[in-house]
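Enquirer: pasted the sequence and its predicted model underneath.
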Amino acid sequence: QVQLVESGGGLVQAGGSLRLSCAASGRTFSSYAMGWFRLAPGKEREFVAGINWSGGGRYYADSVKGRCTISRDNAKNTVTLQMNSLKPEDTAAYYCAAKRARASYVYTGASEYDYWGQGTQVTVSS
């Protein structure tokens, strides 16, 4: 089992940047594929970015491609999401998720993930 704690959210002006971090408990972090999702009021939960267990596989939603970078440090049990050129439509609660899997595949479906953090709020003002 793994526990996830997100941090780094906040209020930023459009065009600004934020770096979200997710700290995972446990000694088997490298056995987990990781993902970031977001949930905005009145909208469905949306996949943002995912990374496989080694970091060699990454995938982004079209809505953030070119503006976001997901990375992980297995030695520090952390996964980060660097978000640049933020837009008001990026405003949402952002959640870190983990799936126990050692494969090259990057998981994009929320139902595929086993563990979730409590979320961190990102608000982008225009």
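Expert: Structure's in. What do you need?

Enquirer: how far away is Glu112 from Ala97?
Expert: 9 Å (CB to CB, to the nearest Å). Quick note: C-beta positions are derived from backbone N, CA and C, even for glycine.

Enquirer: higher neighbour count, those two?
Expert: When Glu112 is set against Ala97 and neighbours are counted by other CB atoms under 10 Å, the residue ahead is Ala97, at 24 against 15.

Enquirer: pull the contacting residues for the more buried one.
Expert: Contact analysis of Ala97 by CB atoms under 8 Å, 6 or more residues apart in numbering lists Leu4, Met34, Gly35, Trp36, Phe37, Ala110, Tyr113, Asp114, Tyr115, Trp116, Gly117.

Enquirer: now do Asn52
Expert: Applying CB under 8 Å, 6+ apart, the residues near Asn52 are Ala33, Arg58, Ala101, Ala103, Ser104, Tyr105, Val106.

Enquirer: now stretch 110-126: buried residues?
Expert: Ala110, Tyr113, Tyr115, Trp116, Gly117, Gly119, Thr120, Val122, Val124 (16 or more other CB atoms under 10 Å).

Enquirer: alpha carbons only: can I get the helix or strand harbouring the last one in CSV?
Expert: Assignment of secondary structure by DSSP states H and E places Val124 within strand 120-125. These are the backbone C-alpha positions of strand 120-125, laid out as CSV (Å, rounded to 0.1, in the frame of the first residue of the first chain):
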residue,chain,number,x,y,z
THR,A,120,-3.9,20.3,-4.2
GLN,A,121,-5.8,23.3,-5.6
VAL,A,122,-4.5,25.2,-8.6
THR,A,123,-6.1,28.5,-9.4
VAL,A,124,-5.1,30.5,-12.4
SER,A,125,-6.4,34.1,-12.6
